[in-house]
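>>> below: sequence and its predicted model.
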Amino acid sequence: MHDFSLMLATFTAPISIGTDPASMLWMFPLLGAITLIYKATKMRVLLWKRFVTESLILFATVSGFMIAAVIVLNLITWLITS
């Protein structure tokens, strides 16, 4: 029981992730996992080639929009603070 309580205690102290560009790269593995799970649950018939193609398209689309949002928000912040 002691090990279980120690494991639960690790969730009370979140990991600090910075806001520098290198830290923002952590969004891509999470985004990849989300796209794979989303496509696996939404496709009626899982054909390997179609599944991989649609997952990559979704990953690229969402990544592109996220990168565009980061650029726009950074530009707005720069315009406001300068």
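Looks like it came in fine. Numbering: from 1, shown residues only.

>>> can you name every helix or strand that the helix or strand hosting Arg50 contacts?
Assigned by DSSP states H and E, Arg50 falls within helix 48-81. Under the contact definition 3 or more C-beta pairs under 8 Å, 6 or more residues apart in numbering; DSSP states H and E, helix 48-81 sits against helix 27-42. Any C-beta I mention is one placed from the backbone N, CA and C, and that applies to glycine too.

>>> and the helix it packs on, what's buried?
Met27, Gly32, Thr35, Lys39 (16 or more other C-beta atoms under 10 Å).

>>> quick one: contacts for Phe59?
Leu31, Gly32, Thr35 (C-beta atoms under 8 Å, 6 or more residues apart in numbering).

>>> mind checking how far it is from Asp20?
According to C-beta to C-beta, to the nearest Å, Phe59 stands 23 Å off from Asp20.

>>> check the gap between Leu79 and Leu73 for me.
Taking C-beta to C-beta, one finds Leu79 at 11 Å from Leu73.

>>> again but with Met43, I slipped
For Met43, the distance to Leu73 - C-beta to C-beta - is 33 Å.

>>> which one's more surrounded, those two?
Met43 (13 against 10; other C-beta atoms under 10 Å).

>>> report pLDDT for that one.
Looking at Met43, its pLDDT is 89.

>>> ok, and the closest non-adjacent residue to it?
Closest residue to Met43 apart from its sequence neighbours, by C-beta to C-beta, 6 or more residues apart in numbering: Phe51 at 6.3 Å.

>>> likewise for Glu54?
Lys39 is the one closest to Glu54 (C-beta to C-beta, 6+ apart), at 5.5 Å.
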